[in-house]
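Participant: Fold the following for me, if possible:
(one chain, ligands or ions: 2)
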Amino acid sequence: MVRLAQGLRARFSLVHLTDPHIPGEDQARVRGVDTAARLAGVVESINRLWPAPAFVIITGDFSADGSPAAHRRAAALLRALRVPVRVTLGNHDDPETFRQVMGELGDLLGTETCQAFDVQGWRILLLNSKCPGLKEGFLGPVQRQQMREELAKNPRPPALLFMHHHVLPLGLPWVDRDNLRDWYEFLEILRDVGNVRGLFSGHAHQASRHEWSGIPFFVTPSAGYQFFKDPTQARVSPEPPAYRLIAIQGGMFVTEVRPVGSPEEEPTTDPPSPSPRPGG
Ligand SMILES: [Fe+2]
Ligand SMILES: [Fe+2]
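Facilitator: Ligands and ions are numbered 1, 2, ... in the order given. Reported below is the predicted structural model:
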């Protein structure tokens, strides 16, 4: 029998930021977009939020190319955030480089496989779906067991999950082939523990909301660039960068995507490819 914490007096907000894709070189553009300038704008927007969020969760793809310089530039931009930051990795991030470069920044530490912490009676889990050598997501048996144990700890509170890769298909074949490889085992855990209230992912560079067994699964747009919802190819849309605000009160939450400004530049269209790999 699932026992959920009753009478929660929680009241706080948090931000989900994902996929900034910062290049290693100054002035370089990614898919025609100045992602560094866009991330700076996103950080500024988050810093202006009132009331200030309790923390920001960043679900990876910090770098466009996995280079130390890219991670260093991403870290420098993110250090301007005036609230605590928790992070996990995306498929574009190199774990060893990340630890060496971003680990020195103190509050950006935290690439353990499964990070769990409690806030005002809610349990927050950051899962690392980055698997070396794979573009698709994979948690693996060790992390899945950690996830199960963290969620099942008593008292069993309402929980929110965050990770880079999406779990449910979005209807876009070129992005759905990168979703979580061990999705079936992941869903089994959600079914068994019964206290997960929402899942937040990135990677797809667009907003989406699906539902599984009454649990909402959200995808948050990129802080760098978005893709058109075109099932045939990956093309960068002129939509602006964005982040997601999640406001929690008592035992429920509401969430909305916050676009940041208008794009100052028209993104370029990627060269035609017989098998587009969008780099989400
Ligand atoms: Fe990704
Ligand atoms: Fe991405």
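
Participant: of all of this structure, which residue lies closest to ligand 1?
Facilitator: Proximity of the chain to ligand 1 (C-beta to the ion) peaks at residue 203, 3.8 Å away. In short, each C-beta sits where N, CA and C put it, glycine included.

Participant: Next up, the contacts around that residue.
Facilitator: Residue 203 sits next to 18-19, 60-61, 90-91, 137, 164-166, 175, 178, 219, 280 when contact means C-beta atoms under 8 Å, 6 or more residues apart in numbering.

Participant: near ligand 2, from the residues you listed?
Facilitator: Among these, the ones lying close to ligand 2 by the criterion of C-beta under 5 Å from the ion are 19, 61, 280.

Participant: I'd like those laid out as CSV, including neighbour count, pLDDT and secondary structure.
Facilitator: Output for the ones next to ligand 2 among the contacts of residue 203, formatted as CSV (neighbours: other C-beta atoms under 10 Å; pLDDT from 0 to 100; DSSP: H, G, I helix; E, B strand; the rest coil):
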residue, neighbour count, pLDDT, secondary structure
19, 29, 98, coil
61, 28, 96, coil
280, 25, 78, coil
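
Participant: Including distance to residue 253, could those go into CSV?
Facilitator: CSV is the format used below for the ones next to ligand 2 among the contacts of residue 203 (distance: C-beta to C-beta, whole Å):
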residue, distance to residue 253
19, 22
61, 24
280, 25
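
Participant: Just give me the closest of those residues to residue 69.
Facilitator: Closest to residue 69 out of these is residue 61 (15.8 Å), distances taken as C-beta to C-beta.

Participant: Return the backbone torsion pair for the closest one.
Facilitator: phi 50, psi 50 (degrees, to the nearest 10).

Participant: So it versus residue 200, what's the distance?
Facilitator: Relative to residue 200, residue 61 is positioned 14 Å away (C-beta to C-beta, to the nearest Å).

Participant: Then residue 280?
Facilitator: Taking C-beta to C-beta, one finds residue 280 at 15 Å from residue 200.

Participant: Can you tell me the closest non-neighbouring residue to the residue in the stretch 151-280 of the chain positioned nearest to ligand 2?
Facilitator: Closest approach between the stretch 151-280 of the chain and ligand 2, counting by C-beta to the ion: residue 280, at 4.5 Å. The shortest distance from residue 280 to any non-neighbouring residue, by C-beta to C-beta, 6 or more residues apart in numbering, is to residue 203 (4.7 Å).

Participant: Likewise for residue 11?
Facilitator: Nearest one to residue 11, counting by C-beta to C-beta, 6+ apart, is residue 249 at 5.2 Å.

Participant: The one you found reaches residue 9, doesn't it?
Facilitator: No. With contact defined as C-beta atoms under 8 Å, residue 249 and residue 9 do not form a contacting pair (9.1 Å).

Participant: more crowded one of the two?
Facilitator: Remark: of residue 249 and residue 9, residue 249 carries more neighbours, 13 against 9, as counted by other C-beta atoms under 10 Å.
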